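Peer 1: okay, predicted coordinates and the sequence, questions at the end:
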Amino acid sequence: MARFPDNFLWGGATSAAQVEGGRCEDGKGLSHLDYVYYRGPKVPCNFMLKNDLAKARAEEATLNFPNRRGIDFYHRYKEDIALLAEMGFKSFRMSVSWTRLFPTGKEDEPCRDGVEFYHNVFRELHKYGIEPLVTMIHYELPIGFVDEFGAWESPEIIPYCYKYLKFLIDEYKDEVKYWLTFNEINMVTAVPWLGGGIILDRFEDGFEIPKDFRPFAPLPPQMSERWENASHQALHHQFIASAMIVKYAHETAPNCLIGNMFNLHHLYPETPAPQDALRAHQETEFNMFFCDVMAKGYYPKWIQSYYKKNNIDVKFVDNYEEILAQGKVDFISLSYYLSSIVTADPKRQERIGSFIRTLHNPYLETSDFGWQIDPTALRISLNELRDRFNLPIYIVENGLGAFEELNEEKTVHDDYRIAYLRSHIEAIAQAIEDGVDVIGYTPWGCIDLVSCSLVSMSKRYGFVYVDADDEGNGTYDRYRKDSFYWYKKVIASNGEDLD
Ligand code: BG6
């Protein structure tokens, strides 16, 4: 018996900010991600301080902003889509750039060149029978909203966002069936700049990031409390905007299906000690909370106690319960890269902004970037999601980031990537056998693209190598890696041939 359904949506995933380039071309405006500058091949830059933003502006001519270049998809999309078609893609996840359509976010009319660009991309995909899967907001927002009212922290953004989202449905509903509202909506509580345009020291002057600071490491307690408050406020506004557009699409575009998108974080207790198990359970509930609100249409009760206990004072918008109840998503979508271990021991547990930092799991291997590779956790989580929501599941991100170089044969022997993907596809097949309704799989960065956390080119995920380095040197020509031919075989055999 076939392990994957006939219409399984095999494909790959990207986002506008990480591939398009074409900065300011044809009327495009600048987004908050265009101000993130490169600091080194392993230096995370997901956080922004007032001084950083001021520096990005003052030294705009000399700093390195890789998102502004992307991989030049804006000019090379035909070549790229032909490569995806050669692999046999059925589905391509991409995002639409808010600032390519509404350069400052405030225009009444969209920028016509931007509108045409996406029509052209969708047309090109359909030419090869590839179904677009479109993320409406993959982290990006117009930079002016950061300056003017603190971006997603303020309810002022909702009407502007709703106008943009409505435009997407009205304009593209006949070309795009599958939509996602916010990419990894839970990231706004972990990395508020990335997910919500929130500047870390917005409330404090003279706040300095500790020298050994990295994502998910603790901030000073007072800072952390404000940050958590701001990020949950921003999250609330995103939940509202998402539910509003789901309702609108259900009313006006019945052929469209809209999903949420969250970063699935599978957690194990470090030991069988009940306190560790409780901790893992609580963190798992936290991870599921983001899905609960969007798929069930209400805030779970426990989150109110959590807010109270942690002095989080979310100002709920009028009628929020009704808005959420009327905007339940049609399917669950998720990104999955790694699993984590938690302990109840506060001395060893680092926790910040509703996110945890993992302990080492001796049973797992790690990637070049320390991410713990665990296909079994994906199978477990898929089963849990089936039980909790009973909705179709689209796995829209998964993959292995690695440092790679083109060899003399002009390819990359990426057997480690093949091994990673093979084990995860195997886990998905087993989950389907367990009764989970998985409808598609789009591994991340199917063509090398700019890393989100590092804004580098040197962290690569692709089946296709892009000849560009962190500084923007290179031809930007595309080359097929070994995994390209392997994935082509996987798709042609509908997941039967994984060798
Ligand atoms: C997800 C994001 O968090 O992970 C992507 O949705 C991102 O935008 C991907 O690129 C991988 O992260 P990174 O930092 O390795 O690019």
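Peer 2: In hand now; what should we look at? Numbering: from 1, shown residues only.
Peer 1: contacts, neighbours, all on C-alpha from now
Peer 2: Fine.
Peer 1: which single residue of the stretch 301-450 of the chain ends up nearest the ligand?
Peer 2: residue 401 (6.0 Å; Cα to the nearest ligand atom).
Peer 1: tell me the residues of this protein that contact the ligand?
Peer 2: 401, 451, 452, 453, 454 (Cα under 6 Å from any ligand atom).
Peer 1: quick check, the first one in contact with residue 458.
Peer 2: No. Residue 401 lies out of contact with residue 458 (Cα atoms under 8 Å); the separation is 9.0 Å.
Peer 1: shared neighbours, those two?
Peer 2: Overlap of the contact sets of residue 401 and residue 458 (by Cα atoms under 8 Å, 6 or more residues apart in numbering) is empty.
Peer 1: circling back to that earlier point, out of the residues of the chain next to the ligand, which comes closest to residue 307?
Peer 2: residue 453 (27.9 Å; Cα to Cα).
Peer 1: next up, phi/psi of the closest one, please.
Peer 2: The phi and psi values for residue 453, taken as degrees, to the nearest 10, are phi -80, psi -30.
Peer 1: list the contacts of it.
Peer 2: Neighbours of residue 453 in contact, by Cα under 8 Å, 6+ apart: 44, 45, 46.
Peer 1: go ahead and report the secondary structure state at the last one.
Peer 2: What that stands for is residue 46. coil (DSSP: H, G, I helix; E, B strand; the rest coil).
Peer 1: against residue 17, how distant is it?
Peer 2: Distance, residue 46 to residue 17, by Cα to Cα, to the nearest Å: 14 Å.
Peer 1: so where does residue 42 fall, helix or strand?
Peer 2: Under DSSP states H and E, no helix or strand contains residue 42.
Peer 1: quick check, it in contact with residue 454.
Peer 2: Yes. If you go by Cα under 8 Å, residue 42 and residue 454 touch, sitting 6.4 Å apart.
Peer 1: neighbours of residue 26, how many?
Peer 2: Residue 26 has 13 neighbouring residues, counting by other Cα atoms under 10 Å.
Peer 1: separation between it and residue 450?
Peer 2: For residue 26, the distance to residue 450 - Cα to Cα - is 22 Å.
Peer 1: need the three-state assignment for the residue lying closest to residue 359 once chain neighbours are set aside.
Peer 2: Once flanking residues are discounted, residue 359 sits nearest to residue 341: 5.2 Å by Cα to Cα, 6 or more residues apart in numbering. When classified by three-state DSSP, residue 341 comes out as strand.
Peer 1: what sits against residue 341?
Peer 2: So residue 341 contacts 267, 268, 269, 270, 280, 358, 359, 360, 361 (Cα under 8 Å, 6+ apart).
Peer 1: now with 7 Å, please.
Peer 2: 267, 268, 269, 270, 358, 359, 361 (Cα atoms under 7 Å, 6 or more residues apart in numbering).
Peer 1: just the buried subset of those residues, please.
Peer 2: 267, 268, 269, 270, 358 (16 or more other Cα atoms under 10 Å).
Peer 1: ok now the helix or strand hosting residue 491, how far from the chain's centre?
Peer 2: Assigned by DSSP H and E, residue 491 belongs to helix 482-492. Distance of helix 482-492 from its chain centroid, counting by Cα atoms, centre = their mean, to the nearest Å, is 24 Å.
Peer 1: okay, buried residues for it please.
Peer 2: For helix 482-492, by 16+ other Cα under 10 Å, it's 482, 483, 484, 486, 487, 488, 489, 490, 491.
Peer 1: and stretch 117-134, by the same measure?
Peer 2: 117-118, 121-122, 124-126, 128, 130-134.
Peer 1: out of these, which one sits closest to the ligand?
Peer 2: residue 134 (12.8 Å).
Peer 1: how many neighbouring residues does residue 61 have?
Peer 2: 9.
Peer 1: for it, give its distance to the ligand.
Peer 2: 25 Å (Cα to the nearest ligand atom, to the nearest Å).
Peer 1: which element is residue 268 on?
Peer 2: Applying DSSP H and E, one finds residue 268 within strand 266-269.
Peer 1: pLDDT on that strand, on average?
Peer 2: Strand 266-269 carries an average pLDDT of 93.
Peer 1: list the neighbouring strands of it plus their orientation.
Peer 2: strand 339-342 (parallel) (DSSP bridges).
Peer 1: quick one: the strand it pairs with to chain centroid distance?
Peer 2: The mean C-alpha position of strand 339-342 is separated from the chain mean by 20 Å, Cα atoms, centre = their mean.
Peer 1: residue 73 contacts residue 19, doesn't it?
Peer 2: Yes. Residue 73 lies in contact with residue 19 (Cα atoms under 7 Å); the separation is 5.5 Å.
Peer 1: which of those two has more neighbours?
Peer 2: A count of neighbours by other Cα under 10 Å puts residue 19 above the other of residue 73 and residue 19, at 26 against 20.
Peer 1: thinking again about what came up before, and the helix holding residue 491, average pLDDT?
Peer 2: 98.
Peer 1: could you number the chain from 635 rather than 1 from now on?
Peer 2: Shifting the count to begin at 635 puts that one at helix 1116-1126.
Peer 1: residues in contact with it: which ones?
Peer 2: Residues contacting helix 1116-1126 (Cα under 7 Å, 6+ apart): 644, 721, 722, 1046, 1047, 1048, 1052, 1097, 1098, 1130, 1131, 1132.
Peer 1: ok, 6 Å please
Peer 2: Residues outside helix 1116-1126 that contact it (Cα atoms under 6 Å, 6 or more residues apart in numbering) are 721, 1047, 1048, 1052, 1097, 1131, 1132.
Peer 1: so where's the chain shaky on pLDDT?
Peer 2: Applying pLDDT under 70 to the chain flags the ranges 837-857, 983-991.
Peer 1: mind checking the longest strand of it?
Peer 2: When the chain is parsed with DSSP state E, its longest strand is strand 765-771.
Peer 1: near the closest residue to the ligand within the stretch 635-784 of the chain, how many other residues are there?
Peer 2: The stretch 635-784 of the chain approaches the ligand most closely through residue 649 (6.4 Å), counting by Cα to the nearest ligand atom. For residue 649, the count of nearby residues is 26 (other Cα under 10 Å).
Peer 1: how far away is it from residue 1014?
Peer 2: Distance from residue 649 to residue 1014, by Cα to Cα: 27 Å.
Peer 1: cool, and residue 909?
Peer 2: Remark: distance between residue 909 and residue 1014 (Cα to Cα) = 21 Å.
Peer 1: okay, how far is it across stretch 960-974, tip to tip?
Peer 2: 34 Å.
Peer 1: which of the residues in that stretch are buried?
Peer 2: Those would be 960-974, for stretch 960-974 by 16+ other Cα under 10 Å.
Peer 1: who's in contact with it?
Peer 2: So stretch 960-974 is contacted by 877, 880-881, 891-898, 900-901, 928-929, 931, 992, 1005-1008, 1025-1032 (Cα under 6 Å, 6+ apart).
Peer 1: same deal with stretch 659-676?
Peer 2: 690, 698-699, 701-702, 733-734, 737-738, 774-777, 1089.
Peer 1: ditto for stretch 863-882
Peer 2: By Cα under 6 Å, 6+ apart, stretch 863-882 touches 786, 787, 792, 815, 822, 823, 826, 946, 948, 958, 960, 961.
Peer 1: do that again at 8 Å, thanks
Peer 2: 786-789, 792, 795-796, 799-800, 815-816, 819-820, 822-823, 826, 830, 832, 892, 927-928, 945-950, 954, 957-963, 987.
Peer 1: so which of those sit within strands?
Peer 2: Reading strands off the contacts of stretch 863-882 with DSSP E, I get 815, 816, 892.
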